[in-house]
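> What follows is a predicted protein model with its sequence.
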Amino acid sequence: MKNAIMLVLTIVVTAFQLSAQDSTIKASLNNKRFTFAPTTMMPTSGRSRSVTSSGYLLQVKGNDTLVAYLPYAGRAYSAPMNSSESGINFTSTNFTYAVSEGKKNSYKVVIVTKDRMYNTTLTLTAYDDGSAYLNVNSSDKQSISYNGSVTADQ
């Protein structure tokens, strides 16, 4: 009997935690305040690779700032003008942002930059458990995808 009560309590607490996390992820995406941290990158051609260095991220800071600092492997169609333009490394202050609910407790965020020489479309699919998938498309590079996690920012 004691084990049954403990099991029920464990299930209730776990369900409450998942529900709280769900509302946190959804709210952070709707409020445009979140950070995506990649763990694996998947180039269009070639093998997937683990992202071993910390510090890589995609961060949305409200309506006015998007920061992308992501590793890149793939074909570039134009050479960067300076080293800060290599990889996926930029800050944008002019972008569109749209959130929609997807299937199986997921949320889709589409971000399109408007202030870069080669505008970039970032499509993030985030799940209630904090896991996420990011696809990056730009006219100057092959597309690339990342698996990782999303966390809420203040």
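All right, it came through fine.
> So the spatially most central residue of the chain, which state does it fall into?
For the chain, the residue nearest the mean C-alpha position is residue 36 (3.8 Å; CA atoms, centre = their mean). What DSSP: H, G, I helix; E, B strand; the rest coil gives for residue 36 is strand.
> ok, now how distant is it from residue 75?
Residue 36 sits at a distance of 23 Å from residue 75 (criterion: CB to CB, to the nearest Å). All C-beta spots, glycine's among them, are computed from the backbone N, C-alpha and C.
> Same check on residue 121?
For residue 121 relative to residue 75 (CB to CB), the value is 18 Å.
> which of these two has more neighbours?
residue 121 (16 against 10; other CB atoms under 10 Å).
> distance of residue 143 from residue 25?
Residue 143 is 25 Å from residue 25, by CB to CB.
> ok, these two, which is more surrounded?
residue 25 (24 against 14).
> The more buried one reaches residue 130, doesn't it?
Yes. Judged on CB atoms under 8 Å, residue 25 makes contact with residue 130 at a distance of 6.2 Å.
> which neighbours do the two share?
residue 150 (CB atoms under 8 Å, 6 or more residues apart in numbering).
> Which stretches in the protein count as strands?
Applying DSSP state E to the chain gives strands spanning 33-43, 49-50, 57-61, 66-70, 88-92, 95-101, 106-113, 120-127, 131-138, 141-152.
> what helices or strands is the shortest one leaning on?
In terms of contact count using 3 or more CB pairs under 8 Å, 6 or more residues apart in numbering; DSSP states H and E, strand 49-50 is assigned the packing partners strand 33-43.
> buried stuff in stretch 137-147?
138, 141, 142, 144, 145, 146, 147 (16 or more other CB atoms under 10 Å).
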